[in-house]
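> Give me a 3D structure for the following:
(one chain, ligands or ions: 2)
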Amino acid sequence: MEESSLVEKGMPMDQMVQPLVKAGITVVPPRFIQPAESRPGPPVEANGSQIPVIDMSGLYDERRNQVLAEIAHACQEWGFFQVINHGVSPALMADILMVTKEFFALSQKEKEVNAMKPGATVGYGRLFETKNSVANWIDRLVMWTYGEKQKLAEPCMPLKPQRLGEVVDAYSNAVYQLCKRLIETLAVMLGLEPDVLGERLNVEGLGIRTSCNYYPPCPQPELVLGLTPHSDSSIFTVLQQDGDVFGLETLHNGQWFQVPPLKNAFVINGGNQLQHLRYALPAGFNDMTSMFAQIISNAKYKSVMHRARTNTHVGRYSFPNFLLPSDQTVIEPFPEFLSEANPPLYRSLTFAEYVNGFHSMPFAGGRHIDNFLLTRPDQ
Ligand SMILES: O=C(O)CCC(=O)C(=O)O
Ligand SMILES: [Fe+2]
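Ligands and ions are numbered 1, 2, ... in the order given. Reported below is the predicted structural model:
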């Protein structure tokens with residue numbers, strides 16, 4: 001979960017999930033129990049053709065136009081698609097899973113060397129929860145994995161397991177190359193020159209924050225969520241699912257569908273910045289996403305709510321790579337999407353303003369997005 005209206009805080013270490021499971025609990029503690037209306041219910045499988053699987057190699061041969069059309073359709077219909085032949089090697093994808101398993105297998109004391117500090121966005125801990133919110137059944141190791149400035153500003157690279165740093169480096173470099181190709185593809189889809197989106201988002205200054213997510217097996221999965229519904233504040237998210245454990249779900253026409261895990265594929269949680277929602281979302285954690293989306297594009301692509309469920313038998317790992325602009329990147333409507341009939345709704349702002357403003361907002365009820373409006377919607 002890359003954003004919510006909750007204050008971003010590392011959780012105290014006595015609140016982590018894995019030690020509870022190790023201690024052999026058979027009933028989940030009350031702080032994890034979702035209210036009846038938010039519980040996951042029986043899973044609904046989206047069939048393969050519904051959440052499209054895009055063969056990225058087709059972008060560079062005679063299938064290009066067809067593949068572009070498939071991606072556009074996927075973004076409009078689902079806001080999600082999966083990619084194969086994406087250029088990140090299966091060996092790297094296996095490696096990140098392996099070192100993450102090794103990390104979570106360390107003793108609690110060893111993991112806590114990198115405990116997330118209050119207010120930090122990296123480290124071993126959980127994000128976006130307050131003492132009063134229902135807790136998610138997830139433990140994370142979050143790291144800046146790409147973007148020197150970002151890494152230096154918030155360094156976190158556990159020294160154990162020994163291979164972690166090396167694997168994460170190789171993995172995030174490959175994921176960044178994939179992000180660059182996706183940015184060019186999105187630009188073309190939006191009717192822009194291939195380089196335009198990259199230039200305006202300052203592609204060289206982009207950072208990747210990778211969250212190594214671990215959802216331990218849960219004795220009562222029907223009562224809890226691994227992650228509550230949210231959408232990511234990233235430009236887009238490149239998500240590696242665990243090979244064959246279901247868990248990710250996406251909201252489509254009011255129903256939650258499973259996003260099937262597919263070996264060696266990435267799920268692209270496409271284009272939060274491209275979503276078209278205007279004031280449809282309730283006040284709260286969606287503000288951040290919808291603001292980013294609208295300010296840049298007013299476009300027709302959807303940002304999608306997703307969540308994760310847990311299961312009784314196996315732990316599940318997932319690896320969202322959040323592609324984030326540098327703090328100085330200016331977020332503003334692209335002139336291509338503006339016209340007399342569609343004037344800019346928002347003033348220009350930097351990504352830092354967008355994030356900081358959001359986090360300094362009191363939680364209940366405020367609409368942070370309105371702070372950046374040029375004309376208020378009710379005027
Ligand atoms: O575990 C997953 O598949 C989803 C993770 C996610 O949405 C997140 O960390 O923001
Ligand atoms: Fe997410």
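> can you pull out the helices in the stretch 101-250 of the chain?
Shown for the stretch 101-250 of the chain, the helices assigned by DSSP state H, counting those that start in this stretch span residues 108-111, 148-153, 164-189, 196-200.
> Ligand 1 is nearest to which of those?
With respect to ligand 1, and counting by Cβ to the nearest ligand atom, the nearest of the helices of the stretch 101-250 of the chain is helix 164-189 at 14.7 Å. Just so you know, the C-beta spots here come from the backbone N, C-alpha and C atoms, and that holds for glycine as well.
> So which elements touch that closest one?
When contacts are defined as 3 or more Cβ pairs under 8 Å, 6 or more residues apart in numbering; DSSP states H and E, helix 164-189 packs onto helix 64-77, helix 90-105, strand 139-146, helix 196-200, strand 207-215, strand 237-241, strand 316-324.
> For it, buried residues please.
Residues of helix 164-189 classed as buried: 164, 167-168, 170-172, 174-176, 178-189 (neighbour count, 16 or more other Cβ atoms under 10 Å).
> And stretch 113-130, by the same measure?
Result for stretch 113-130 [16+ other Cβ under 10 Å]: buried residues 114-116, 120-129.
> cool, and stretch 38-49?
40, 46.
> Repeat that for stretch 62-71.
Buried residues in stretch 62-71, counted by 16+ other Cβ under 10 Å: 67, 68, 70, 71.
> what bits of the chain have low per-residue confidence?
1-14, 47-49, 128, 130-131, 270-304, 333, 344-346, 354-379 (pLDDT under 70).
> residues from the stretch 251-379 of the chain in reach of ligand 1?
By Cβ under 6 Å from any ligand atom, the residues of the stretch 251-379 of the chain that approach ligand 1 are 306, 308, 318, 320.
> could these be laid out in TSV, adding neighbour count?
Listed next are those as TSV, based on neighbours: other Cβ atoms under 10 Å:
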residue	neighbour count
306	25
308	25
318	25
320	27
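> Just give me the closest of those to ligand 1.
The shortest gap between ligand 1 and any of those belongs to residue 318, at 3.2 Å (Cβ to the nearest ligand atom).
> Relative to ligand 1, how far out is the nearest residue to the closest one once chain neighbours are set aside?
Leaving aside its sequence neighbours, residue 318 sits nearest to residue 213 (Cβ to Cβ, 6 or more residues apart in numbering; 4.6 Å). Taking Cβ to the nearest ligand atom, to the nearest Å as the criterion, residue 213 is separated from ligand 1 by 5 Å.
> Residue 213 contacts residue 140, correct?
Yes: when contacts are counted by Cβ atoms under 8 Å, residue 213 is listed as touching residue 140 (5.4 Å).
> if you count what's nearby, which of those two comes out ahead?
Counted by other Cβ atoms under 10 Å, residue 213 and residue 140 do not tie: residue 213 has more neighbours, with 27 against 24.
> Tell me the one of the buried residues of stretch 113-130 nearest ligand 1?
Distances from ligand 1 to the buried residues of stretch 113-130, taken by Cβ to the nearest ligand atom, are shortest for residue 127, at 8.3 Å.
> Closest residue of the stretch 151-300 of the chain to ligand 1?
residue 248 (3.4 Å).
> Just give the number of residues close to the closest residue in space to that residue that isn't next to it in sequence.
Setting aside the residues directly before and after it, residue 248 is nearest to residue 259 in space (Cβ to Cβ, 6+ apart), at 4.3 Å. Neighbourhood size, residue 259 [other Cβ under 10 Å]: 25.
> Equivalent analysis for residue 242, please.
21.
> Settle this for me: it is touching residue 260, isn't it.
No: taking contacts as Cβ under 8 Å, residue 242 lies outside contact range of residue 260: 11.7 Å.
> ok now do the nearest residue to residue 33 once chain neighbours are set aside, which residues does it touch?
Among residues not flanking residue 33 along the chain, residue 223 sits closest, at 5.0 Å (Cβ to Cβ, 6+ apart). Contacts for residue 223 (Cβ atoms under 8 Å, 6 or more residues apart in numbering) come out as 28, 32, 33, 34, 39.
> Residue numbers of the stretch 51-200 of the chain in contact with ligand 1?
When proximity is defined by Cβ under 6 Å from any ligand atom, the stretch 51-200 of the chain lies next to ligand 1 nowhere.
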